[in-house]
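Peer 1: structure, please.
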Amino acid sequence: MPIELTILALGAVLLIVHIQVAIRAKTKQYGVEWNTGPRDKDMPPLGEVPARLERARDNFQETLPVAIIGLMGVVVAGKTSEITAIAGWVWLAARVIYLPLYWTGVRLWRTVVFGVSALALVVLIGVLLLG
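Peer 2: The predicted model follows:
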């Protein structure tokens, strides 16, 4: 199996982690009854940490399709290489690092790590289009 598909599968695991961490924080604030109920009522705003975790999850969900296109695209197009593997690993590592940075409220470094992950995606898409 191409390493790019392994990276993508690990990205799916990271998505599950994002979802679970965010919902557990939200449930801690709103309670199990809210979580197991229909969630019809408007709730008070989320606290600082649960809100961060939701934003981190949303951010990951927004960028994951680009990773899927890049990683799957180079596999389907037969353009996998050491460069695409490195770009994939850099993307995944940066996204793993991003979650605790956002969770704990780290400002500048969170943005730098996001930029690194975005640059890795640009490399993947560049190889797919030009490479």
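Peer 1: C-alpha from now on. contacts and neighbour counts both.
Peer 2: OK.
Peer 1: list the buried residues of the lowest-mean-pLDDT helix or strand in the chain.
Peer 2: Here the helix or strand of the chain ranked lowest by mean pLDDT, DSSP states H and E is helix 32-36, holding a mean of 89. If you call a residue buried by 16 or more other Cα atoms under 10 Å, then helix 32-36 has these buried ones: Trp34.
Peer 1: quick check on Lys79: phi, psi?
Peer 2: Dihedral pair for Lys79: phi -110, psi 20, per degrees, to the nearest 10.
Peer 1: report pLDDT for it.
Peer 2: pLDDT recorded at Lys79 is 98.
Peer 1: so which elements touch whichever strand or helix holds Tyr102?
Peer 2: Assigned by DSSP states H and E, Tyr102 belongs to helix 82-104. Contacts defined by 3 or more Cα pairs under 8 Å, 6 or more residues apart in numbering; DSSP states H and E place helix 82-104 against helix 3-30, helix 48-76, helix 108-130.
Peer 1: which ones are touching the closest residue to Gly131 other than its chain neighbours?
Peer 2: Spatial nearest neighbour of Gly131, chain neighbours left out: Lys79 (7.0 Å); criterion: Cα to Cα, 6 or more residues apart in numbering. Contact analysis of Lys79 by Cα atoms under 8 Å, 6 or more residues apart in numbering lists Val127, Leu128, Gly131.
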